[in-house]
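Undergrad: Compute the structure for the input listed below.
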Amino acid sequence: MTKPFKTLDDIGEVAGRRVLVREDLNVPMADGRVTDDTRLRATLATVTELADKGAIVLVLAHFGRPKGQPSAEFSLEQIVAPYADVLGRPVRFIDWEGAEGAVAALSAGDIAVLENTRFFGGEEKNDPAVVARFAALGDLYVNDAFSAAHRAHASTEGLARALPAFAGRAMEAELDALEKALGKPEHPVAAVVGGAKVSTKLDVLKHLVGKVDHLIIGGGMANTFLAARGVDVGKSLCEHDLASVADEIMAAADAARCTVHLPYDVVVAKEFRADPPTRTVNVHEVAADEMILDVGPAAVESLADVLKNCRTLVWNGPMGAFETPPFDTATVALARTAAALTQDGSLVSVAGGGDTVAALNQAGVGDQFTFVSTAGGAFLEWMEGRELPGVAALTR
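TA: Numbers count the residues shown, from 1 in each chain. Presented below is the predicted three-dimensional model:
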């Protein structure tokens, strides 16, 4: 199948050539240690393939928010040792001072991490001078960082226009999965959208009603939709001022023949903490001093039946306050259903966003979906139907 972008399969001979590879090395750290190396591991396929073919691999990445000023706190030098451990091969570090000479001293198959791209104020402004500075170090450009693709920065968008540009293996896998999920999905398609507030996902909901057959709304967002329908949600988190917007989304869904699923039984408590006294009630029985903190078992069972009749699932956001037990019950149960259907081969399941990844891992099914994206903002913007500059630059 021809892809709208070039991949490593199209890159040709790379032995001895300098390949600038944009990766996401923005990992969480504590006391000088990487606390989660997921993003480092995601780079393995691309970086090792290029090095094994004899390329001089120059990894570009940002780290934190140094605001255009060099600082030890945000130096990528601290990532080099843990990154070498993950790759299982030596990794060099190259500072921007004297970078040209340091790159010239590298040999075929060497891997080096260049200092934080955000030490240049012009990186985030896509400044042509910064693009030229980066481009002068390489012969070819590979973007492997989908999580940074929603930003038109010098290292994500500008370089793709300055050098022959290709998608890395992680980027390719991400774009293939997204195409299967919403580009040209197999219907019926379901979307699970959860999280605290409707206001943060308005554009997602408006876009999805025209794309999916079933829209499952969970989390605090569901309370806003219930309130718009006249349900008294007690002390629950709820954006009452968005009732008219919720009504508009429901009307748009009706017009597009998209079924919106709201919970009809819920788990409530009088205080929000771990393991408080709870009760499971019909949504019309929430007391004035109670808050809805999870979707109830009857609703979860009927949502599982919806998924059994679907071929494609896109998931972003938890069904309840999943970080606090027992309010992870609905998220875990529905995630396990989706995982089982995926493993059966009857469902293509794509999930993304930080909370979602954490929730799926908590359910023990993070590796049982078709694809789980670690990208937060980029995944959301893709769900909103927006063009991502870093991806668009690859498809020119």
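
Undergrad: Residue 33 bridge partners, please.
TA: Applying DSSP bridges to residue 33 yields these beta-bridge partners: residue 30.

Undergrad: give me the number of residues near it?
TA: 9 (other CB atoms under 10 Å). No exception for glycine: its C-beta is placed from N, CA and C like everyone else's.

Undergrad: Repeat that for residue 92.
TA: 16.

Undergrad: Give the helix, strand or coil label for the residue nearest to it when sequence neighbours are not counted.
TA: Excluding the flanking residues, the one nearest residue 92 by CB to CB, 6 or more residues apart in numbering is residue 112, at 4.1 Å. Three-state call for residue 112 (DSSP: H, G, I helix; E, B strand; the rest coil): strand.

Undergrad: which ones are touching residue 202?
TA: residue 245 (CB atoms under 8 Å, 6 or more residues apart in numbering).

Undergrad: phi, psi of it?
TA: phi -60, psi -50 (degrees, to the nearest 10).

Undergrad: just use 43 as the starting number from now, easier for me
TA: From this message on, residue numbering opens at 43, which makes the last subject residue 244.

Undergrad: Please tell me how far it sits from residue 192.
TA: Using CB to CB, to the nearest Å, we find residue 244 at a distance of 17 Å from residue 192.

Undergrad: on that earlier part again, can you name the residues that contact the residue nearest to residue 134?
TA: Counted by CB under 8 Å, 6+ apart, residue 154 has contacts 98-101, 133-136, 144-145, 148.

Undergrad: Could you report the distance from residue 243 to residue 151?
TA: In terms of CB to CB, residue 243 sits 45 Å off from residue 151.

Undergrad: For these two, indicate the residue with more neighbours.
TA: residue 243 (23 against 16).

Undergrad: Please, where are all the helices along the stretch 193-342 of the chain?
TA: 201-204, 211-220, 244-250, 261-270, 285-297, 339-350 (DSSP state H, counting those that start in this stretch).

Undergrad: Please identify the deepest-packed of these.
TA: Of the helices of the stretch 193-342 of the chain, the one with the most neighbours on average (mean count of other CB atoms under 10 Å) is helix 261-270, at a mean of 25.

Undergrad: quick one: that one to chain centroid distance?
TA: 24 Å (CA atoms, centre = their mean, to the nearest Å).

Undergrad: among the helices of the stretch 193-342 of the chain, which is nearest residue 125?
TA: In terms of CB to CB, the element of the helices of the stretch 193-342 of the chain nearest to residue 125 is helix 211-220, at 14.9 Å.

Undergrad: Tell me how far that closest one lies from the chain's centre.
TA: 12 Å.

Undergrad: coming back round to it: return the closest of the contacts of residue 154 with respect to residue 323.
TA: The closest of the contacts of residue 154, once distances to residue 323 are taken by CB to CB, is residue 101, at 53.4 Å.

Undergrad: packing partners for the helix or strand harbouring the closest one?
TA: Using DSSP states H and E, the element containing residue 101 is strand 98-102. In terms of contacts (3 or more CB pairs under 8 Å, 6 or more residues apart in numbering; DSSP states H and E), strand 98-102 is packed against strand 60-64, helix 86-94, strand 153-156.

Undergrad: contact partners of the following helix or strand past that strand?
TA: Using DSSP H and E, the helix or strand that follows strand 98-102 in sequence is helix 119-129. Residues from elsewhere that reach helix 119-129 (CB under 8 Å, 6+ apart): 67, 69, 71, 74-76, 79, 82-83, 86, 89-90, 105, 132-135, 137, 153, 155, 157.
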